[in-house]
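> Give me a model of this one.
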Amino acid sequence: NNYLGTTVLDEWGPLQRLWAHNARIAQPFALEPGGAVIGDPFIVSAAVDGVPVGGNYAMPARDPALIADVAACMAGVHAMPVKDWPLADQPQGDAFFVAQHAQYLADWQALGEYSPIMDACFAWIDRHRARALGPAACVHDDFNFNNMLVADSRVTAVLDWEFVHIGTPAADLAYFHYAAEAGSSFADFLAAYAAAGGTVPPREQLDFYLLWGQLRLGVMGFKAVRNLELGHFDNVRYGMARWHRRQALLRLADLLSRLGE
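Next comes the predicted model:
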């Protein structure tokens, strides 16, 4: 069911680096790279207590202590040294955003869908492209409660590092905006991030990555619906794809109205 083209083969090196620098992840023990055991490569990791408490469109219960802990957890990831990044062939910094933007735009255009909201968002990103580049950091790029295990108002592990790269912290911070607002407030989240040693990016950069993160989810939503309609999925959970796409469009329309030109 993976229509995104990601693989655990690309996660293995960064996971080892993250574990060595005390990031809150499940300890990675071994990589089976060939697919001979279960048909696909996989990573064996330590068992970790906790459960997901939300998702991209499923907001968590109010819990300011948890939101502050997420901020501290994220600050630790962003503080990790990025020299000699284990994915040597992966573009970094500005080059990564250029490649990522080109891929999502190509994916959107290949669908042949008509959506003034999506087109307006891509146009907004093009106009404000200069805001993309910031200080280099390890970025998860899907940092939300659907990819965390939580127990007793604390993150026990951040999971699913398929999008990990060297980018800028604003991408992770802005991506967590809606969860932070539901669990406490985005302002309190940023304050906790700063208290944990992180540097809060300028507001205009956070706005840029807020729209970009939701636009990425929008493209994924449209792709999921298309794959569902073509019968490429055999998992019933993809029946929610149309709802996810609708939620993405509602958010994007709201962001366009608030961010202006």
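> Now the most centrally placed residue in the chain: closest residue in space, sequence neighbours ignored.
With distances taken as C-alpha atoms, centre = their mean, residue 142 lies nearest the centre of the chain, 1.4 Å away. Leaving aside its chain neighbours, residue 142 sits nearest to residue 163 (5.2 Å; criterion: C-beta to C-beta, 6 or more residues apart in numbering). (Each C-beta comes from the backbone N, C-alpha and C, glycine too.)
> ok, that neighbour touching residue 143?
No. Residue 163 is not in contact with residue 143 according to C-beta atoms under 8 Å; the separation is 9.4 Å.
> tell me the mean pLDDT for the helix or strand containing residue 208?
For residue 208, the element it lies in under DSSP states H and E is helix 203-229. For helix 203-229, the mean per-residue pLDDT is 96.
> How about the contacts made by the nearest residue to residue 198 once chain neighbours are set aside?
Spatial nearest neighbour of residue 198, excluding adjacent residues (C-beta to C-beta, 6+ apart): residue 75 at 3.8 Å. Going by C-beta atoms under 8 Å, 6 or more residues apart in numbering, residue 75 touches 193, 196-198.
> By neighbour count, sort out the buried ones in the residues you listed.
Buried subset of the contacts of residue 75 (neighbour count, 16 or more other C-beta atoms under 10 Å): 193, 196, 198.
> quick one on the thing from earlier: buried residues in whatever helix or strand the residue nearest to residue 198 lives in, which are they?
According to DSSP H and E, residue 75 maps onto helix 64-78. For helix 64-78, the neighbour count (16+ other C-beta under 10 Å) marks 66-78 as buried.
> Tabulate the CA atom coordinates of that helix in CSV.
The C-alpha trace of helix 64-78 is given here as CSV (Å, rounded to 0.1, in the frame of the first residue of the first chain):
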residue,chain,number,x,y,z
PRO,A,64,-0.2,21.2,27.7
ALA,A,65,2.4,19.0,29.4
LEU,A,66,2.4,16.7,26.4
ILE,A,67,2.7,19.6,24.0
ALA,A,68,5.7,20.9,25.9
ASP,A,69,7.3,17.5,25.9
VAL,A,70,6.8,17.2,22.1
ALA,A,71,8.6,20.6,21.8
ALA,A,72,11.5,19.3,23.9
CYS,A,73,11.7,16.1,21.9
MET,A,74,11.7,18.0,18.6
ALA,A,75,14.4,20.4,19.8
GLY,A,76,16.6,17.5,20.6
VAL,A,77,16.2,16.1,17.1
HIS,A,78,17.0,19.5,15.5
